[in-house]
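[1] Output the structure for:
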Amino acid sequence: MHFFIIINVFFLIILTIIVNKNVTTGFDEKVLAWFDSIESLTLNSFLILITWLGSLWILLPTLAGITIGLLFYGYRMAAIVFNIGFIGAVSTTYIMKSLIERPRPELFENITTMPYDSSYPSAHTTQAFAFALMLSLLVYSLDTTFKTSLASLFLSFAVMVGISRMYLQVHFPSDVIAGVLIASIWTGIVIYLINLGVLR
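    Model (predicted):
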């Protein structure tokens, strides 16, 4: 698992370097142009809803509810693991945002309100993937019925959140990729700590 963490950290560092050097500009612009070309009122409404569901306004109360439920039924360590993975990923993202300060996309008209913070990495993507991955770990660790189907559902939602950020023209594709990498790194960290016996 430590190899998985190292690989993802390596890719995040490389991505951050090339983003700072504007190497990803051509790729970012082409992807955003494609999303602009498929814009429709139906997609607008659907993806605005998806992006809202991936916000901290929804995920933090949900995290609190899951934590309370786990503690109530005696799954103290599962609650700790869930919180470490999610809060660690979100904190990392906001630290990187404050350090890198990449401007938001201005290539096409954004469909929703443009956030005031910087663009890289995508916090919505990090949040959605960290939450989905922690939920997937939870359903597998508790040996939940239909665990594979549930994990697939959680991850599909996270993918849709990432897509929504690009479709709404508030994030570059490279921002979204960075968000996925951060969530993956923190998932690897909690699994590694579990395997070491630190979190058990």
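
[2] For whichever helix or strand Thr62 is part of, which outside residues touch it?
    Per DSSP states H and E: Thr62 is located in helix 56-72. With contact meaning Cβ atoms under 8 Å, 6 or more residues apart in numbering, helix 56-72 is reached by 52, 76, 78-79, 82-83, 86, 90, 123, 127-128, 131, 135, 138. All C-beta spots, glycine's among them, are computed from the backbone N, C-alpha and C.

[3] List the buried residues in that helix.
    By neighbour count on 16 or more other Cβ atoms under 10 Å, the buried set for helix 56-72 is 59, 63, 66-67, 70.

[4] cool, and stretch 96-113?
    For stretch 96-113, burial by neighbour count (16+ other Cβ under 10 Å) applies to 96-97, 100, 102, 104-105, 111-112.

[5] Now do the helix or strand encompassing Leu138: which elements does it pack against?
    Using DSSP H and E, Leu138 sits in helix 123-141. With contacts defined as 3 or more Cβ pairs under 8 Å, 6 or more residues apart in numbering; DSSP states H and E, helix 123-141 has these neighbours: helix 56-72, helix 76-100, helix 147-167, helix 173-196.

[6] Columns distance to Leu32 and mean pLDDT on top of these, output as JSON lines?
    Output for these, formatted as JSON lines (distance: least, Cβ to Cβ, whole Å; pLDDT from 0 to 100):
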{"stretch": "helix 56-72", "distance to Leu32": "24", "mean pLDDT": "96"}
{"stretch": "helix 76-100", "distance to Leu32": "19", "mean pLDDT": "95"}
{"stretch": "helix 147-167", "distance to Leu32": "6", "mean pLDDT": "95"}
{"stretch": "helix 173-196", "distance to Leu32": "7", "mean pLDDT": "94"}
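
[7] before we move on, back to that, please identify which of the buried residues of stretch 96-113 is nearest to Phe46.
    The closest of these to Phe46 turns out to be Ile111 (Cβ to Cβ; 11.3 Å).

[8] Look up how far Ile87 lies from the residue most central in space within the chain.
    Centrality entry for the chain: nearest residue to the mean C-alpha point is Thr126, 2.0 Å, by Cα atoms, centre = their mean. For Thr126, the distance to Ile87 equals 11 Å [Cβ to Cβ, to the nearest Å].

[9] what does Gly26 give?
    In terms of Cβ to Cβ, Gly26 sits 35 Å off from Ile87.
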